[in-house]
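[1] quick check, what structure comes out for this input:
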Amino acid sequence: MPTREQMIATIEGAYTARVAGDVAKMNAIWAEGATYAMEGEAALMARYPTGPTEALAATRRLADLLDADELERIDTIVDGNRVAVQWRARFSKGDRSRVLNLFSRWEFDDAGRVVSLHEYGDTAMIAEMIGG
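    Model (predicted):
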């Protein structure tokens, strides 16, 4: 099982890659069959992957829909192979830019790969930014 430090480093690396626009590096974290879900009102999110869905496709879609300009990890809780992260992010789409407070719940396999990610945020704000 990965250590606390290894899991946090994986998450930080994914966030750094996201801001850099490096989708391939961002997607290097996933285990085979990994899932992603944005928890919230699915009816608002017709263009945004809600899920749970296949993680690689979902994160590619997210990168197409929104640019991540800044990501800051606020707090982290680790329990076994699960990590909960509170973070603040500035996302943009065209001339629109918003700061979102988000919560992510990560689960890792014994090899240190991410098997699932659930994110919780203001889906109404996200939907407004991407146009539904």
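[2] every contact and neighbour count from this point should use C-alpha atoms.
    Will do.
[3] so the residue nearest in space to the middle of the chain, which state does it fall into?
    The chain has residue 119 as the residue nearest its centroid, 6.2 Å off, counting by C-alpha atoms, centre = their mean. Under the three-state scheme (DSSP: H, G, I helix; E, B strand; the rest coil), the conformation of residue 119 reads as strand.
[4] which stretches of the protein form strands?
    Listed in chain order, the strands of the chain (DSSP state E) span residues 30-39, 53-54, 67-79, 82-93, 96-108, 114-120.
[5] right, and residue 29 touches residue 10 too?
    Yes - with contact defined as C-alpha atoms under 8 Å, residue 29 reaches residue 10; the gap is 7.0 Å.
[6] now the strands of the chain as CSV including distance to residue 24?
    Putting those into CSV (distance: least, C-alpha to C-alpha, whole Å) gives the following:
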stretch, distance to residue 24
strand 30-39, 11
strand 53-54, 15
strand 67-79, 15
strand 82-93, 19
strand 96-108, 19
strand 114-120, 15
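[7] list the helices and strands the top helix by length along the chain packs on?
    As assigned by DSSP state H, the longest helix anywhere in the chain is helix 4-20. Applying 3 or more C-alpha pairs under 8 Å, 6 or more residues apart in numbering; DSSP states H and E, one finds that helix 4-20 contacts helix 23-26, strand 67-79.
[8] now do 10 Å
    helix 23-26, helix 55-65, strand 67-79, strand 82-93, strand 96-108, strand 114-120 (3 or more C-alpha pairs under 10 Å, 6 or more residues apart in numbering; DSSP states H and E).
[9] pull out the buried positions in it.
    Across helix 4-20, burial judged by 16 or more other C-alpha atoms under 10 Å covers 7-8, 10-11, 14-19.
[10] and residue 68, what does it touch?
    Residues in contact with residue 68 (C-alpha atoms under 10 Å, 6 or more residues apart in numbering) are 15-21, 62, 89-93, 97.
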